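>>> Pasting the sequence and the predicted coordinates here, then a few questions.
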Amino acid sequence: GAGVSQSPSNKVTEKGKDVELRCDPISGHTALYWYRQRLGQGLEFLIYFQGNSAPDKSGLPSDRFSAERTGESVSTLTIQRTQQEDSAVYLCASSRRAAANEKLFFGSGTQLSVL
Amino acid sequence: DAKTTQPPSMDCAEGRAANLPCNHSTISGNEYVYWYRQIHSQGPQYIIHGLKNNETNEMASLIITEDRKSSTLILPHATLRDTAVYYCIVKTGANNLFFGTGTRLTVIP
């Protein structure tokens, strides 16, 4: 597709359930990023991939959060045993490569609501 | 990544130039200055970026001071659709973009 695609656009789940969020980057983009944005706040970095490896996982808030990427394409962010504080918009971005002068292109995000 | 400081909010009259300032006094020589904006409920949209020289594209102009400690994003003729939160970010190498709280720009009819 022309842009970064994320699915689902909205997800409502019960506390304690696991969720998987999907990101399809722009074709050919080797770098992929996940962010979280709580209501009324700025973006919080979670993790980024260069190819299929994740050099920086420092932003993952707890061991309930994990992410993987296969085939230098699709990435999934998994949240296990969801908590109400996990409610947020989860944004994915991609860039041609992970470099200082490469701009990131963002998807529209997945709105996660944990009841 | 260097920290950036922006005013929390600004107003601009429709049709006038919007000048959004950003301080990044601890920026290092290899860090780029990026500007993104976020319109309610959408993902951030890239606007422009630069290293040392001033830059211009179809959306905006970026003016970076000679010492690189501050920059200004200029929207030459603001429209109502430019109402958004504008983020100034500095970026090094492979690192991601660290977003601060940005400036909420309101374009007034």
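In hand now; what should we look at? Numbers count the residues shown, from 1 in each chain, chains lettered A, B, ... in the order given.

>>> Tell me which helix or strand the closest residue to B:Thr83 other than its chain neighbours sits in.
In space, and not counting its chain neighbours, B:Thr83 is closest to B:Val107: 4.9 Å by C-beta to C-beta, 6 or more residues apart in numbering or on different chains. The C-beta positions use only the backbone N, C-alpha and C, and glycine is treated the same way. When elements are assigned from DSSP states H and E, B:Val107 belongs to strand B:103-108.

>>> Near chain B, which residues of chain A are found?
A:4, A:31, A:33, A:35, A:41-43, A:45, A:48, A:50, A:55-56, A:91, A:93, A:98-101, A:103-109 (C-beta under 8 Å from any C-beta of the partner chain).

>>> Of those, grab the buried ones for ChimeraX.
Only the buried members of those end up in this ChimeraX selection, burial being decided by 16 or more other C-beta atoms under 10 Å in any protein chain shown:
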select /A:4,31,33,35,43,45,48,50,56,91,93,98,100,103,104,105,106,107,108,109
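
>>> Pull out the buried positions in the strand holding B:Val107.
So for strand B:103-108, counting by 16+ other C-beta under 10 Å, buried means B:Thr103, B:Arg104, B:Leu105, B:Val107.

>>> And for that strand, what's in contact with it?
B:6-14, B:18, B:20, B:78-86, B:88 (C-beta atoms under 8 Å, 6 or more residues apart in numbering or on different chains).
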